[in-house]
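*Asks:* what would the 3D arrangement of this be:
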Amino acid sequence: MKLKQIKIRHLTAALVCLCIVLSGCVFVSGEYFSIYNEKENSDALSKLGSRGEEVRKIQNKLKELGYYSHKVDGIYGARTQSAVKAFQRNCGITADGIAGPKTLLYLGLGGSSGGTYSSNDVYLLAKLIAAEARGESYTGQVAVGAVVLNRVEHGSFPDSISGVIYQSGAFSAVKDSNWNVAPNATSQKAAQDAINGWDPSGGAIYYYNPKTAQSNWIRSRPIIATIGNHVFCA
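*Replies:* Below is the predicted model:
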């Protein structure tokens, strides 16, 4: 790519960033999200070692803007991290190489909605999160919801939230005594955040508690992330 083209693309990205900074906030999921919120690292979406569709989106966007010229493979390696840092520096935000909420908003990827799920789907996902991830951190709850959505998109699982959740033997919580308890506001928000695209699991389609899991098969799966009491894997 010619130097002039790269400069033009970088200038375009900088102008986009400036527009967001001047507005001071972005409308996400029915409310205004301040871009001045510095809580970036604790709720990171994608970082070095992450894998999955979210990473592919980041790589594609960085490639479009001229920051990334390598293979779009869904693997958050050193090259992707370096491209994210370059983009962050150009936007004037913390250049830590982590594609957290603020960075994704600058990239135009934050708060995106699948637009294919009904209110009943959101509620059912919230019920699953409340039952499976009670006691976990908010990030851990979103991650559990993301696993369900990753299965919906995966060819080896049913193609609906209800189909995935009610698949025989998929989630023990469906037969739990707490299953009929209405999900609280936190689990409902976690479900919506997962649907909006936040995937702390890094694209995982399985998770388990290493303290209680008895299956040797699940323990043999490639580990992507560990959040709270859950190990997320491919």
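*Asks:* most centrally placed residue in the chain?
*Replies:* For the chain, the residue sitting closest to the mean C-alpha position, by Cα atoms, centre = their mean, is Asp199 at 2.0 Å.
*Asks:* retrieve the pLDDT associated with the spatially closest residue to it that is not a sequence neighbour.
*Replies:* With sequence-adjacent residues excluded and distances taken as Cβ to Cβ, 6 or more residues apart in numbering, Asp199 is closest to Ala146, at 4.1 Å. Backbone N, C-alpha and C define where each C-beta goes, glycine included. Listed pLDDT for Ala146 reads 96.
*Asks:* you'd agree Ala146 is up against Pro200?
*Replies:* Yes - contact criterion Cβ atoms under 8 Å: Ala146 and Pro200 qualify, at 6.6 Å.
*Asks:* circling back to that earlier point, and the residue nearest to Asp199, its phi and psi?
*Replies:* phi -60, psi -40 (degrees, to the nearest 10).
*Asks:* if we can go back for a sec, the residue nearest to the centre of the chain: what's it in contact with?
*Replies:* Leu45, Ser46, Gly52, Glu53, Glu54, Val142, Ala143, Ala146, Leu149, Asn150 (Cβ atoms under 8 Å, 6 or more residues apart in numbering).
*Asks:* of those, buried ones?
*Replies:* Buried members of the contacts of Asp199, counted by 16 or more other Cβ atoms under 10 Å: Leu45, Ser46, Gly52, Glu54, Val142, Ala143, Ala146, Leu149, Asn150.
*Asks:* re earlier: what about the residue nearest to the centre of the chain, distance to Gly52?
*Replies:* From Asp199 across to Gly52, the span is 6 Å (Cβ to Cβ, to the nearest Å).
*Asks:* between the two, what contacts are shared?
*Replies:* With Cβ under 8 Å, 6+ apart as the test, Asp199 and Gly52 both reach Ser46, Asn150.
*Asks:* is Asn150 within a helix or a strand, and which one?
*Replies:* Element membership of Asn150 [criterion: DSSP states H and E] is helix 138-153.
*Asks:* for that helix, list the C-alpha coordinates in CSV.
*Replies:* This file holds the C-alpha atoms of helix 138-153, laid out as CSV (Å, rounded to 0.1, in the frame of the first residue of the first chain):
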residue,chain,number,x,y,z
TYR,A,138,-20.5,-9.6,35.8
THR,A,139,-17.8,-10.3,33.1
GLY,A,140,-18.2,-14.0,34.0
GLN,A,141,-22.0,-13.8,33.5
VAL,A,142,-21.6,-12.2,30.1
ALA,A,143,-19.1,-14.8,29.1
VAL,A,144,-21.6,-17.6,29.9
GLY,A,145,-24.2,-15.9,27.7
ALA,A,146,-21.6,-15.5,25.0
VAL,A,147,-21.0,-19.2,25.0
VAL,A,148,-24.7,-19.8,24.2
LEU,A,149,-24.6,-17.4,21.3
ASN,A,150,-21.4,-18.9,20.0
ARG,A,151,-23.1,-22.2,19.9
VAL,A,152,-26.0,-20.7,18.0
GLU,A,153,-23.6,-19.6,15.3
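*Asks:* next secondary structure after that helix?
*Replies:* Next along from helix 138-153, by DSSP H and E: helix 161-165.
*Asks:* counting contacts, what elements does that next one pack onto?
*Replies:* Applying 3 or more Cβ pairs under 8 Å, 6 or more residues apart in numbering; DSSP states H and E, we find helix 161-165 packed against helix 119-132, helix 138-153.
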